[in-house]
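Student: got a sequence here, can you model it:
(3 chains)
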Amino acid sequence: MLAASGPRAWWPAEHTGVRQGLDEIVIGAVLTQNTAWKNVVQALSVLRAENLLDLEKLATLDAEKIAPLIKSSGYYNLKSKRLKAVAEFFAPGGKLRLKELETWPTETLRQSLIAVYGVGPETADSILLYALGRLSFVIDAYTLRIGRRHGLLAADDDYESARALFSAGIDPDVPLYNEYHALLVWIGNNFCRPTPLCRKCPLSRRDCFANSKN
DNA sequence: GACCAGGCACATC
DNA sequence: GATGTGCATGGT
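Tutor: Numbering: from 1, shown residues only, chains lettered A, B, ... in the order given. Now for the predicted structure:
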């Protein structure tokens, strides 16, 4: 994948770095739920223009104020509540508490994130890996589809079992986890679609069922 | 017109 | 516990 694509340099945020891009990555992780990234980009640019790409500010805003700003990312009434909940987790009372969170073990942090309204396992892992630099492999719809088509996963394997498989098989290295998942999304987004576009897939097609249902 | 997009919470059985 | 459904909209 790396040979075919080159490094993906994820997360695709405007700013990078653990503090600079953190707010943007966390917000993007919520907005991209069940949504194409390009629709998220528009919402992020609106938030940026409003100077609201900021967890401390979102934590103190009413969801009703947030909703119209993120319209392009879809589910805006729902996601405005989720954004606020996540912002309140990182910045209770509008005060960012990164120093405190840095002392939490990754698994503790993961369970705490999943307990936040609107944060499931994928969103939690995306935040852990891409925003906080923690060792936590991200599974998404593409990873499941690719894994199933290439015989790495069974049809009924769920998120956690897929995560266990990839975590056991890949060296525990944050930049590697980062790049690996980014490449899987690149393959999924460009080749391994529900409709049979596998023809040009740079992965071996030997075990790939181009016409299979997911 | 049908299906899909880097999910998640909640109701119901 | 497993399964179904709502959430919004634009692109293919």
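
Student: tell me, what residue is most central in chain A?
Tutor: A:Ser126 (3.9 Å; Cα atoms, centre = their mean).

Student: surely that one meets A:Phe137?
Tutor: No. Assessed by Cβ atoms under 8 Å, A:Ser126 is found out of contact with A:Phe137, at 10.5 Å. All C-beta atoms are positioned from the backbone trio N, CA, C, and that covers glycine.

Student: just the element for the residue nearest to the centre of chain A, please.
Tutor: helix A:121-126 (DSSP states H and E).

Student: can you tell if that helix touches DNA strand B?
Tutor: Yes. Helix A:121-126 comes into contact with DNA strand B (Cβ under 7 Å from any atom of the strand), by way of A:Pro121, A:Glu122, A:Thr123, A:Ala124, A:Ser126.

Student: quick one: contacts of that helix?
Tutor: By Cβ atoms under 8 Å, 6 or more residues apart in numbering, the surrounding residues in contact with helix A:121-126 are A:11, A:25, A:29-30, A:33, A:110, A:113-114, A:136-140, A:159-160, A:163.

Student: now do 6 Å
Tutor: A:Ala29, A:Arg110, A:Leu113, A:Ile114, A:Ser136, A:Val138, A:Asp140, A:Tyr159 (Cβ atoms under 6 Å, 6 or more residues apart in numbering).

Student: any bit of that helix sitting next to DNA strand C?
Tutor: No. Helix A:121-126 lies out of reach of DNA strand C by Cβ under 7 Å from any atom of the strand, never closer than 13.4 Å.

Student: what's the helix or strand that comes right after that helix packed up against?
Tutor: Downstream of helix A:121-126, the next assigned helix or strand under DSSP H and E is helix A:141-149. With contacts taken as 3 or more Cβ pairs under 6 Å, 6 or more residues apart in numbering; DSSP states H and E, helix A:141-149 sits against helix A:174-190.

Student: alright, that wraps it up for me.
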